[in-house]
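Novice: Predicted model follows, preceded by the sequence.
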Amino acid sequence: MTDAVSIDWTAVRRTSYLLEQTFRYEYPSPIRDLAHRLVVIPPERFGDQVRLDHRLLVAACGASVEDRVDRFGNFVHAVFAPVVRDCVEFTASVRLERWAGQPHRLADGWLHDGYLLEPTALTVPDRRIHEAAAQLCARASWGLELAEAINDWVYQSMTYNYGSTGVRTSAAEALALGHGVCQDYAHLMLSLCRACSLPARYVSGHLVGEGGTHAWVEVVLPAGDGTGEAIAWTFDPTHASRGGLNYVTVAVGGDYSDVAPTSGTYVAPVQGRLQTRKRITLTEVEFAA
């Protein structure tokens, strides 16, 4: 195992990982009609990231699992169980590989869905965001220069503070507070990008060397080579960075609600308790000559 913190990621040519996660729900009494959605396995291919193999184990008597691909191209597991007596546990493992120097190209027609430019419930801009967007558009050219300016503005405008916001906190609410976590930084950047007519999407995944899941943004711009294709550019406003091979993508969407790792419904007058575990092991790192 290689220490991710000590690596100069700009010098890495290829890297591979083993991602292992467990989600365990415990209930004080039986529940019924469990319908659960897991978005924890990355797509088979995402730009330079390749899924080599994966597995999902579900510990619940009588449970069935269906694999789906949603409208964003995310790999989704739908789990159904008629009765869960006291607990259900999901264990996912996946081996991945990434290569440097391969831009993430999207096929012609990438704007047809509309979600890259449309505000969502969590990214609707308020007056302050509109004002900031106008100022940013006035001083930076549309495209990568504007995306860089927005990325830096969000980083400068927020303070990281775990526990101060939740998954339903909007971009406007987080900005008013002045602090939040990675999903708040991502939502604020998305709100600004869309207010500036800059196509962008929410990305959920992992930053190797950090404990929890991570969120960042991809700004999607025309490739400009006559193909009609686009290139998705990574921006991480939480760290004021442009990403790197130490980022593992799991899913993309309009905002967090599209890519929540674990969610679902059941019938019972009780509330469950969630315990999670995650480990990312660097299995190989190859440096450029």
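Specialist: Cool, got the structure.
Novice: can you give me the end-to-end distance of stretch 169-183?
Specialist: End-to-end span of stretch 169-183 (CA to CA, to the nearest Å): 9 Å.
Novice: Please read the previous query as pertaining to stretch 120-136.
Specialist: Distances were taken as CA to CA; on that basis the terminal residues of stretch 120-136 are 21 Å apart.
Novice: SS state for Asp53?
Specialist: strand (DSSP: H, G, I helix; E, B strand; the rest coil).
Novice: neighbours of it, just the number please.
Specialist: 8 (other CB atoms under 10 Å). Where you see a C-beta, it was placed from the backbone N, CA and C, and this is true even at glycine.
Novice: what sits against it?
Specialist: Neighbour list for Asp53: 94-95 [criterion: CB atoms under 8 Å, 6 or more residues apart in numbering].
Novice: In the sheet, which residues pair with it? Tell me.
Specialist: Residues found in beta-bridge contact with Asp53 (criterion: DSSP bridges) are Arg95.
Novice: where does the residue nearest to the spatial centre of the chain fall, phi/psi-wise?
Specialist: If you average the C-alpha coordinates of the chain and look for the closest C-alpha using CA atoms, centre = their mean, you land on Ser204, 0.8 Å from that point. For Ser204, the backbone dihedrals (degrees, to the nearest 10) come out as phi -110, psi 140.
Novice: Quick check, pLDDT for the residue nearest to it when sequence neighbours are not counted.
Specialist: In space, not counting the residues next to it along the chain, Ser204 is nearest to Val259; the distance is 4.1 Å by CB to CB, 6 or more residues apart in numbering. Predicted confidence (pLDDT) at Val259: the value is 97.
Novice: The protein - how does it break down into domains?
Specialist: Under the assignment named as automatic domain parsing, the residue ranges that make up the domains of the chain are 4-100+260-287, 104-259.
Novice: Please identify the deepest-packed of those.
Specialist: Sort these by mean neighbour count, taking mean count of other CB atoms under 10 Å, and domain 104-259 sits at the top with a mean of 19.
Novice: and the end-to-end length of that domain?
Specialist: The stretch domain 104-259 measures 19 Å between its terminal residues, going by CA to CA.
Novice: what's the answer for stretch 40-59, then?
Specialist: Criterion CA to CA; first-to-last residue distance in stretch 40-59 is 16 Å.
Novice: Could you give the average pLDDT over it?
Specialist: Within the predicted structure, the mean pLDDT of stretch 40-59 is 96.
Novice: Please renumber the chain so that the first residue is 671 from this point on.
Specialist: Sounds good: first residue 671 from here, last item stretch 710-729.
Novice: Measure how far that stretch is from the centre of its chain, please.
Specialist: How far stretch 710-729 lies from its chain's middle: 14 Å, per CA atoms, centre = their mean, to the nearest Å.
Novice: Same question for stretch 757-765.
Specialist: Computed by CA atoms, centre = their mean, the chain-centroid distance of stretch 757-765 equals 18 Å.
Novice: what does it rub up against?
Specialist: Applying CB under 8 Å, 6+ apart, the external contacts of stretch 757-765 come out as 686-697, 704, 706, 708, 710-712, 721-730, 733, 747, 749, 751, 932, 953.
Novice: May I have that stretch exported as CSV, CA atoms only?
Specialist: What follows is stretch 757-765 as a C-alpha-only set of coordinates in CSV (Å, rounded to 0.1, in the frame of the first residue of the first chain):
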residue,chain,number,x,y,z
CYS,A,757,-30.7,-4.9,10.0
VAL,A,758,-29.6,-4.8,6.4
GLU,A,759,-26.0,-4.4,5.3
PHE,A,760,-24.6,-3.5,1.9
THR,A,761,-20.9,-4.2,1.1
ALA,A,762,-19.4,-2.9,-2.1
SER,A,763,-16.0,-3.4,-3.5
VAL,A,764,-14.5,-2.2,-6.8
ARG,A,765,-11.1,-2.1,-8.5
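Novice: quick one: average confidence on it?
Specialist: In the prediction, stretch 757-765 has an average pLDDT of 97.
Novice: Which strand or helix spans His909?
Specialist: Applying DSSP states H and E as the criterion places His909 outside every helix and strand.
Novice: And the helices in the chain?
Specialist: Assignment of helices within the chain using DSSP state H yields the ranges 797-809, 814-827, 841-847, 852-865, 926-929.
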